[in-house]
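1. need coordinates for the following:
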Amino acid sequence: MEEVQGELITVETLAADFRRLGVCEGMTMLLHSSFKSLGQWVAGGPVAVILALEQVLGEEGTLVMPTHSSDLTDPSGWSNPPVPEAWWPGIREHMPAYDPDLTLLRGMGVIPETFRKQKGVKRSSHPINSFAAWGRHRDEIIDGHALEYAFGEQSPLARIYDLKGSVLLLGVDSLNNTSLHLAEYRAEYAGKQEVTAGAPMRVDGARHWVEFRDYNWNSEDFAAIGGDFGQETGQITYGKVAAAPAQLIPQREIVDYAVKWLEQRRV
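-> Predicted coordinates:
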């Protein structure tokens, strides 16, 4: 096996890179991340990334990550992979109920999967589109996450908006910027579609398959929104953290911009 090449990445080097990008003490920060993008070897793995960000944000800061669990969605909508239709009733009947302490993430990456287990981190109650938070505004952001319209006004995204928080894209692009779903919720456009979603939950101590109203969220044009916002406003700070491309974005500003963008361009 070949020896690892490149620079040694540590909590200290990551913290320095975050500060250089513009992350500072007291911020409310929503992180979307790809651990692999950082480089070949990080001393401490995803734990180092979490500790570095918490070190920079400090006691007055707040760190938030999406901890979605799409495994708990209705199997009729699964495509990666699809399952036989004959299985659908059995999955709805037997899929274990959402548990914020136990339910795994799907497709979110190793950093949020590690973060949700950290002492002092709290995960919201939504069975599919939960968020986890650490720091000063943890409870304000996490508590009261509504079951219906998961990215709407009673969501962690709206609380981050109220707090004038920031979005950090670490090794990912605006396609992954979940805050743009808040803009989807607020925007009015012809093709906006309400759907019935479902998930296994515990209600009054018993497991139930619960159906609820939501929107048919669509992120296909999020990369275009992010690109246009950066070009037209100059409000995205671009840089690198270790080997990862990074973007620091004011959440309120990009959400407001995206509402207008969607109303003008979505049909």
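
2. for Arg123, which residues make a bridge with it?
-> Ala132 (DSSP bridges).

3. tell me how far it lies from Leu182.
-> Taking CB to CB, to the nearest Å as the measure, Arg123 falls 19 Å from Leu182. From N, CA and C alone the C-beta is placed, and that goes for glycine too.

4. could you do Pro84 as well?
-> 36 Å.

5. start to end distance for stretch 18-33?
-> By CA to CA, to the nearest Å, the extent of stretch 18-33 from end to end equals 13 Å.

6. all the helices of the stretch 151-267 of the chain, residue numbers only.
-> Listed in chain order, the helices of the stretch 151-267 of the chain (DSSP state H, counting those that start in this stretch) span residues 156-162, 180-186, 222-233, 251-265.

7. and the second one, what other elements does it pack with?
-> Contacts of helix 180-186 with other secondary structure elements, assessed using 3 or more CB pairs under 8 Å, 6 or more residues apart in numbering; DSSP states H and E, are made with helix 156-162, helix 222-233, helix 251-265.

8. neighbours around Asn216, how many?
-> 12 (other CB atoms under 10 Å).

9. got any ranges where this protein has weak pLDDT?
-> Of all residues in the chain, none has pLDDT under 70.

10. show me where it has strands.
-> 28-33, 62-66, 122-123, 131-135, 166-170, 194-203, 206-215, 237-241, 244-250 (DSSP state E).

11. export those to CSV and tack on distance to Asp228 and mean neighbour count?
-> Listed next are the strands of the chain as CSV, based on distance: least, CB to CB, whole Å; neighbours: other CB atoms under 10 Å:
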stretch, distance to Asp228, mean neighbour count
strand 28-33, 19, 25
strand 62-66, 23, 26
strand 122-123, 33, 19
strand 131-135, 26, 25
strand 166-170, 15, 25
strand 194-203, 27, 16
strand 206-215, 22, 15
strand 237-241, 15, 17
strand 244-250, 13, 21
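
12. quick one: which of the ones you listed is nearest Gly107?
-> Ranking those by proximity to Gly107 (CB to CB) places strand 62-66 first, at 10.1 Å.
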